[in-house]
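Engineer: got a predicted model here, sequence first, then my questions.
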Amino acid sequence: MSAVLELQGLRTVLDTPEGELRAVDGVDFDIGKGECFALVGESGCGKSMTALSILRLLPDVARIAQGSVRLGEVDLLALPEAAMRPVRGKRVAMIFQEPSTALNPVLTVGRQVAEVLTRHTALRGSAVQRRVLELLAAVGIPDPERRSGEYAFQLSGGLRQRAMIAAALAVDPEVLVADEPTTALDVTIQAQILELLNKLQAERGMALLLITHDLGIVAQMAHRVAVMYAGEIVEVAPREAFFRAPQHPYAQKLFAALPGAAQRAGALAQIPGQVPPLTAAFRGCRFVERCDLAFERCRNEAPALLELGEGRRARCHLRETAHAAPRVARTAEPAGAEPAAARVLLEATDLKVHFPIRRGVFRRTVGVVKAVDGVSLAVREGRTLALVGESGSGKTTVGKAVLQLIRATAGSVRYQGEEMTGLSRTGLMRHRGAMQIVFQDPYASLNPRMRVADILAEGMRSLGVGRDDADRTRRMDALLEQVGLPAQAKGRYPHEFSGGQRQRIAIARALAVEPKLIVCDEPTSALDVSVQAQILNLLKSLQDRLGLAYLFITHNIAVVEYLAHEVAVMTGGRIVEQGTAAEVLRRPRHAYTRALLGAVPRID
Ligand code: SF4
């Protein structure tokens with residue numbers, strides 16, 4: 001397969017107050033015509049910076065220090081800026097993670113696709129309009145005549161992503177760079193977009209550089225895979241070989257950290273520590289501080305990207321002498337087969353939350369949004385009920401309504417047999433400590449102006465936990481130890497912690513008031529897979545030790561397979577199926593559950 005795009009020795013650096021940050025440090029790869037090449041790795045490893053370097057769309061603080069990016073015969077890095085403009089969009093196009101920021105909010109979708117056509121082709125007037133409609137239809141946008149006159153905000157996330165793909169593919173680029181193109185989408189919409197990309201790529205013979213952190217998507221889409229770590233490629237392999245037996249210890253750890261049914265019986269593998277700062281001067285292997293297999297030479301000598309045959313390469317000293325690493329086993333075990341014998345802690349019956357739609361000067365009610373429309377569920381002591389569904393299905397509203405953070409329109413919520421709806425503020429205070437919540441975004445859920453000690457003490461004081469300040473300080477130390485943070489963390493502010501550490505603080509805050517039930521609202525969806533493994537392990541061990549019950553709100557089926565005892569599937573404000581995890585995940589009965597499970601990209 002002849003290379004359409006070839007990167008050699010690409011180095012992109014950022015000038016920071018701490019010195020030169022080597023975001024991309026000597027990256028080589030090529031992509032053939034019609035090939036999908038996946039670049040995987042966790043946040044901050046240099047994937048997106050590699051993509052932006054190809055198009056020379058770097059932020060002001062970044063510059064390309066070395067290397068070449070050849071598109072056919074042309075080195076893009078040697079072109080003057082004026083000559084780059086016709087390359088962008090025409091020969092190399094890019095689609096981004098978040099279509100709402102990539103599309104212009106003040107231009108209609110049709111106009112944005114038309115602009116690409118008039119800039120890069122000879123089409124004019126009605127021929128442009130005809131082509132716009134053809135393109136919108138080709139990416140599966142229904143009623144293209146009407147939709148082409150609409151603005152980005154009028155389209156759903158999936159339609160916006162399709163519109164961005166239509167604009168990117170308007171002039172048949174030779175290379176499409178797709179940077180996390182489905183991360184912001186629901187799983188069923190993701191499946192449609194991936195299928196669309198697959199189809200368009202096969203029809204047009206485009207080279208596709210797919211940047212993702214999701215190994216399921218890689219398994220479904222890629223012909224070849226490259227893993228990036230700390231600015232370097234540490235492994236390259238054809239898809240089948242990669243999934244059969246990844247060769248680099250980091251890639252192996254990524255697989256082992258993935259939750260799923262096969263891991264239910266034990267803890268997920270964790271990758272200790274963090275990615276090293278890329279301002280540091282490296283002497284040996286960049287993975288050495290986190291590698292279980294490290295030996296003396298790893299500290300003193302940087303490993304080369306070794307050829308292992310059959311198109312495989314890995315950057316690890318061990319691969320010089322050892323044979324290929326053995327196969328990774330991920331055999332599925334029955335999910336959640338345990339009997340549901342525990343006592344019911346929380347029970348919601350026919351719960352409804354309707355929001356009025358008000359219009360006009362007098363704010364008259366002209367209709368209602370039925371966010372939750374007759375939901376019944378039970379959470380048992382020491383067990384996890386996963387509430388699964390796509391965005392807008394009403395999961396979070398159920399979570400808030402059972403905690404009485406929003407008032408239910410109708411229905412009942414009983415905690416240990418006592419009715420919660422209709423309780424006064426004082427009545428609710430008695431139960432506040434027993435039921436806590438951990439939110440999705442650990443960056444937004446902690447007050448940036450409060451030290452960790454104050455964040456933990458706030459709830460304890462208001463709910464009367466602890467005899468005095470000295471007792472509360474003792475409890476804080478114990479809490480921090482429980483969630484795996486040092487006691488010194490008390491004196492620091494949230495911004496001084498990583499995303500995973502902040503989520504630990506949020507969990508410690510919930511535990512501070514000695515709850516029996518925690519509503520976990522997508523607590524790991526903003527985290528990388530290695531950090532997600534740490535938080536899931538922590539939640540599981542806390543449940544085992546303290547007998548906590550979780551109402552676990554998520555759209556991530558792999559997390560459900562790993563953690564849940566019971567599952568309830570929501571769509572359109574209603575639960576359409578519920579049962580034990582084994583029943584629902586293995587033998588789904590409802591068509592929506594089957595569609596949801598069928599849309600999840602799998603690596604097995
Ligand atoms: Fe681990 Fe050494 Fe291989 Fe680096 S070179 S991945 S430290 S064994």
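Structural biologist: Now that the structure is in, tell me what you want to look at.

Engineer: tell me which element the one residue in the stretch 501-604 of the chain that gets nearest to the ligand falls in.
Structural biologist: Relative to the ligand, the nearest point of the stretch 501-604 of the chain is Ser530 (14.7 Å; Cβ to the nearest ligand atom). For every residue, glycine as well, the C-beta is placed using N, CA and C. In this structure, Ser530 sits in helix 529-546 according to DSSP states H and E.

Engineer: these two touch, right, Pro259 and Gln532?
Structural biologist: Yes. Contact criterion Cβ atoms under 8 Å: Pro259 and Gln532 qualify, at 7.3 Å.

Engineer: any regions of the stretch 1-150 of the chain where pLDDT drops low?
Structural biologist: Residues of the stretch 1-150 of the chain that meet the criterion pLDDT under 70 lie in 1.

Engineer: run through the strands of it in chain order.
Structural biologist: For the stretch 1-150 of the chain, the strands defined by DSSP state E, counting those that start in this stretch occupy 3-16, 19-32, 36-40, 62-71, 74-75, 92-95.

Engineer: what residues does the stretch 101-250 of the chain have near the ligand?
Structural biologist: Pro249 (Cβ under 6 Å from any ligand atom).

Engineer: state the number of residues packed around the closest residue to the ligand within the stretch 101-250 of the chain.
Structural biologist: The ligand sits closest to Pro249 of the stretch 101-250 of the chain, with a gap of 4.3 Å, by Cβ to the nearest ligand atom. Pro249: 25 surrounding residues under other Cβ atoms under 10 Å.

Engineer: also the one 10 residues further on?
Structural biologist: Neighbours of Pro259 under the rule other Cβ under 10 Å: 23.

Engineer: for Ala280, give me phi and psi.
Structural biologist: For Ala280, the backbone dihedrals (degrees, to the nearest 10) come out as phi -70, psi 150.

Engineer: how far away is it from the ligand?
Structural biologist: Ala280 sits 15 Å away from the ligand, going by Cβ to the nearest ligand atom, to the nearest Å.

Engineer: and that residue, how close does it get to Gly158?
Structural biologist: 41 Å (Cβ to Cβ, to the nearest Å).

Engineer: show me the strands in the stretch 201-350 of the chain, by range?
Structural biologist: Counting by DSSP E, counting those that start in this stretch, the stretch 201-350 of the chain has strands at residues 207-212, 224-229, 232-238, 306-309, 312-314, 344-359.

Engineer: who does the fifth one touch, helix- and strand-wise?
Structural biologist: In this case it means strand 312-314. Contacts defined by 3 or more Cβ pairs under 8 Å, 6 or more residues apart in numbering; DSSP states H and E place strand 312-314 against strand 232-238, strand 306-309.

Engineer: shared neighbours of Pro259 and Gln532, which are they?
Structural biologist: Val559 (Cβ atoms under 8 Å, 6 or more residues apart in numbering).

Engineer: what pairs with the residue nearest to Ala3 when sequence neighbours are not counted across the strands?
Structural biologist: Nearest residue to Ala3, sequence neighbours excluded (Cβ to Cβ, 6 or more residues apart in numbering): Asp30, at 3.8 Å. Beta bridges link Asp30 to Glu6 when assigned by DSSP bridges.

Engineer: I'm done for today, thanks for sticking with me.
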